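Engineer: attaching a predicted model along with its sequence, questions to come.
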Amino acid sequence: MKVMKKNLFILVSLCLGLAFFSSCSKKYTQDAKGFSEIEVDLKSKFGEDAYYTNISVVYDKNVGNIINLAETKEPASLEMKEWNYLKGAWNQIADVTLEISGGEAKDFMFQLGKDVSLGKVGEMVEASKEKLADEKKIDNAVAKIVSVKVPDNGDKINIFISLEPENGGTSFTFFYDLEGNLTQFNY
């Protein structure tokens with residue numbers, strides 16, 4: 001009987017511990033503050049001098065934020081690692097080898113705090129939500145996808161934001177340049 005109670009105690013403790021740690025994933029807000037926090041966390045995880053070709057934040061109401069990115073510390077190597085952040089854990093999901101014609105590898109990458117400010121991207125999310133509220137009378141929109149990406153041709157960095165009403169429905173897409181100028185709005 002004593003062994004059974006001890007095993008039951010261990011099992012209950014283990015379950016409670018797992019429940020606690022699985023619920024500990026960081027919840028980023030969909031505004032300048034939340035995206036600034038993402039930038040701080042990325043710099044902490046990958047270093048201040050990491051280079052990226054893309055960073056995407058996808059929101060799912062059942063899972064929370066999913067962050068996907070490709071990064072390297074040595075652009076000239078043409079070797080990158082693709083990472084996924086889900087439920088509080090980072091997992092490397094792929095090794096990527098870049099093929100570049102015309103230019104240096106750095107021409108197809110960006111650095112946080114130097115080329116791109118995720119806090120500024122968060123401001124673009126806020127502006128997109130305001131535009132949707134003003135023009136379409138949709139309050140409480142959710143940013144389903146926010147993506148910062150260098151196009152394959154090495155052209156200017158694109159910021160893509162897809163918003164949906166809180167309870168689902170039509171997707172509204174916004175494209176911005178790095179200065180925060182809205183370049184395209186579709187639905």
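Structural biologist: Alright, I've got the coordinates.
Engineer: list the contacts of the helix or strand residue 92 falls within.
Structural biologist: If you go by DSSP states H and E, residue 92 is part of strand 89-97. Contacts to strand 89-97, defined as Cβ atoms under 8 Å, 6 or more residues apart in numbering, come from residues 25, 45, 70, 78-85. To be clear about C-beta, it is placed using only N, CA and C from the backbone, and glycine gets the same treatment.
Engineer: mark which of these are part of helices, please.
Structural biologist: residue 45 (DSSP state H).
Engineer: ok, back up a step: which strands and helices sit next to the helix or strand just after the strand holding residue 92?
Structural biologist: The helix or strand immediately downstream of strand 89-97 is helix 118-136, counting by DSSP H and E. If contacts are counted by 3 or more Cβ pairs under 8 Å, 6 or more residues apart in numbering; DSSP states H and E, helix 118-136 sits against helix 32-46, strand 142-149, strand 158-164, strand 172-176, strand 182-186.
Engineer: just put the ones you listed in CSV and tack on mean neighbour count.
Structural biologist: CSV is the format used below for these (neighbours: other Cβ atoms under 10 Å):
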stretch, mean neighbour count
helix 32-46, 18
strand 142-149, 20
strand 158-164, 20
strand 172-176, 20
strand 182-186, 12
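Engineer: may I see the ones you listed organised as a markdown table, with distance to residue 112 and mean pLDDT added?
Structural biologist: Shown next, in a markdown table, are those (distance: least, Cβ to Cβ, whole Å; pLDDT from 0 to 100):
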| stretch | distance to residue 112 | mean pLDDT |
| --- | --- | --- |
| helix 32-46 | 5 | 97 |
| strand 142-149 | 9 | 97 |
| strand 158-164 | 13 | 96 |
| strand 172-176 | 17 | 97 |
| strand 182-186 | 22 | 94 |
